[in-house]
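Peer 1: Sequence unavailable; structure follows:
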């Protein structure tokens, strides 16, 4: 069966996310190195360690994005399930952040609109991955 266009779009988004995470990891390493060279020895060392830990975490997330993106392109059902779980977590976080009482500031409306748009995109992806023709393309019968 031919791969649905929406699945290709979601896979491309996963690859773009991996690239963005890779860029953030590199910026974290550069920033940590710069800060560690400018700060006192103890604070600088702590900043360097923190930057490395953050960069490793971001690189792991980037690898997960690439693996899931390849799995989606190959129509592997495990990749669809992992995408549903990760998008579900993102959707939940986005919805919860909309109702957070800690975001009262001058840019509240801008951030609220951003969160609403993200929640809508997450909801669309979840809805799409549960469509019968998409599930059939992945060879899934249940979840």
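Peer 2: Happy to help now that I have it. It should be emphasised that the depicted structure is a prediction, and the values quoted were computed from it without experimental measurement.
Peer 1: Does the helix or strand that contains residue 16 pack against any helices or strands, and if so which?
Peer 2: Element membership for residue 16, per DSSP states H and E: helix 5-38. If contacts are counted by 3 or more Cβ pairs under 8 Å, 6 or more residues apart in numbering; DSSP states H and E, helix 5-38 sits against helix 41-73, helix 108-129, helix 132-137. C-beta coordinates here come from the backbone N, C-alpha and C atoms, glycine included.
Peer 1: so where's the chain uncertain?
Peer 2: Within the chain, the ranges that satisfy pLDDT under 70 run 1, 39, 101-106, 142-143.
Peer 1: what does the domain assignment say about it?
Peer 2: Following automatic domain parsing, the chain resolves into domains at 1-75, 76-136.
Peer 1: What residues sit buried inside stretch 53-70?
Peer 2: Residues of stretch 53-70 classed as buried by neighbour count (16 or more other Cβ atoms under 10 Å): 54, 55, 58, 59, 61, 62, 64, 65, 66, 67, 68, 69.
Peer 1: Make CSV from these and add distance to residue 129 to it.
Peer 2: CSV is the format used below for the buried residues of stretch 53-70 (distance: Cβ to Cβ, whole Å):
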residue, distance to residue 129
54, 30
55, 31
58, 25
59, 26
61, 20
62, 22
64, 17
65, 16
66, 19
67, 17
68, 12
69, 14
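Peer 1: so which of the residues you listed comes closest to residue 98?
Peer 2: residue 61 (23.4 Å; Cβ to Cβ).
Peer 1: show me the contacts for that closest one.
Peer 2: Contacts for residue 61 were tallied using Cβ atoms under 8 Å, 6 or more residues apart in numbering; they are residue 21.
Peer 1: For it, give its distance to residue 17.
Peer 2: 8 Å (Cβ to Cβ, to the nearest Å).
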